[in-house]
Each structure stands twice: as structure tokens, then as C-alpha cells.
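Participant: The amino acid sequence is not available; the structure is as follows:
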């Protein structure tokens, strides 16, 4: 399955809620969802949302979570199977697994404005993981792992002003040293701290069939 390449804001409009796919822009007045909180298309403003079946709800929640983290179906299904072998709550396991992806950790550390940008930066080889080159966005980061911007990339325009950035609004499961262009994945996040706009239990129900 090919990766979604159309405007991200259309996904939010289709789902009927903000999924915060474009980082800071989603919190600004420029966010298209603020002006057009209805499905895309010429009939969007007049389109009535139909009552959704249980299967439809499960499918919608899966699509939302895949869109938020930019994960394709094959990879997402792999995370589900991993979550079933971990013990404990499968919903929490699934959420923590996708949250531990390298591209997401880069985003959480504030090295990118969105997960999409973080995925591109990782793919282009701008980061090191524990001192070694890491250009695969789906690498799962473990507690204690150090994510660092390559020295040769630090002067890039995309990281401009990063060394003087304040580490405010950074989640408590990561720590960041912007002056040295690095951060540490301190611990796995708690499920309740993620505040995902997704009912992950519906996704587990879908895959469990």
C-alpha cells in the first residue's frame, strides 16, 4: 500500500476531528479544519454523517491512529502482533510501541515540527542512535537510548535556532539537551499520558476477529 501523499488536513476533515498531523500549524488560525470542519468535496458542507456500525468504528479508529503516526498497514499489523506477545493490556502495548518509533521520538523531542517532517529527516540520515547512523523511521527506541543530530547536519536550516530552544512542553518520558543537539528516551510513556484522540481498544477488537 502506498503512503498517503494528499494534504494531511483532509484526513482530519474526513474523520471529523483534529488529529494534529501538521504540528504547530494545527494550533494556529491557519488550520483549515477551523474554517472547514466538514468532509472534503463539493457536497461536504451539506453532507450528513451516517450512523457508523461497530465495524466502521473499529476501522475508523485504526485509520486515525495509522494517520497520526504515519504507519502503513503491514507495519501496523506487525505492531499489533507484537502487542499480543508482550503481556498486559494489548491496547496500551500497541500505543507504546508506535510511540517508541524513532521518527515519533524525534518529533517528541522537538527536533521536528511534525511526525511527517521527523520521518523525512530520519530517512535523510540526519540522526544518530546511540552514536550510530539511524535512517530507518520505524526503529523502536528503548529506554536509555540517545538520539542525536549528526554534527554535519547541525548547521542545516531545518535545525536553525535549535541550540537556543527551551525544552518546554516536552513529555516527561524524554529529556532533551538542545545545546548539544541530543536527547534521551528516558522511559516508556504511560498510556494515560499520551492523550491519544483514538479508542485503541476498538483497534484491538478489529484485529482480534
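Facilitator: Yes, it's here. Because the structure is predicted, anything quoted here is derived from the model rather than measured.

Participant: Give the residue spans of this structure that score low on pLDDT.
Facilitator: Counting by pLDDT under 70, the chain shows low-confidence ranges at 1-50.

Participant: Grab the most central residue of it for me.
Facilitator: residue 69 (3.1 Å; CA atoms, centre = their mean).

Participant: Could I get the contacting residues of that one?
Facilitator: Counting by CB atoms under 8 Å, 6 or more residues apart in numbering, residue 69 makes contact with 98, 101, 104, 115. Yep, even glycine has a C-beta here, placed from its N, CA and C like the rest.

Participant: separation between it and residue 100?
Facilitator: Separation of residue 69 from residue 100 (CB to CB, to the nearest Å): 11 Å.

Participant: Next: residue 174.
Facilitator: 11 Å.

Participant: Same question for residue 172.
Facilitator: Applying CB to CB, the value for residue 172 to residue 100 is 15 Å.

Participant: Show me which of these two is the more surrounded one.
Facilitator: Neighbour count, other CB atoms under 10 Å: between residue 172 and residue 100, residue 100 has more, with 20 against 10.

Participant: which residue sits closest to the more buried one in space, ignoring its chain neighbours?
Facilitator: residue 140 (4.9 Å; CB to CB, 6 or more residues apart in numbering).

Participant: Report the beta-bridge partners for the one you found.
Facilitator: On the basis of DSSP bridges, residue 140 is bridged to residue 101.

Participant: That one and residue 104 touch, don't they?
Facilitator: No. Counting by CB atoms under 8 Å, residue 104 is not a contact partner of residue 140; they are 10.0 Å apart.

Participant: burial of the residue nearest to residue 100, as a residue count?
Facilitator: By the measure other CB under 10 Å, the count of residues near residue 140 is 16.

Participant: Provide a list of residues in contact with it.
Facilitator: 97, 100, 101, 102.
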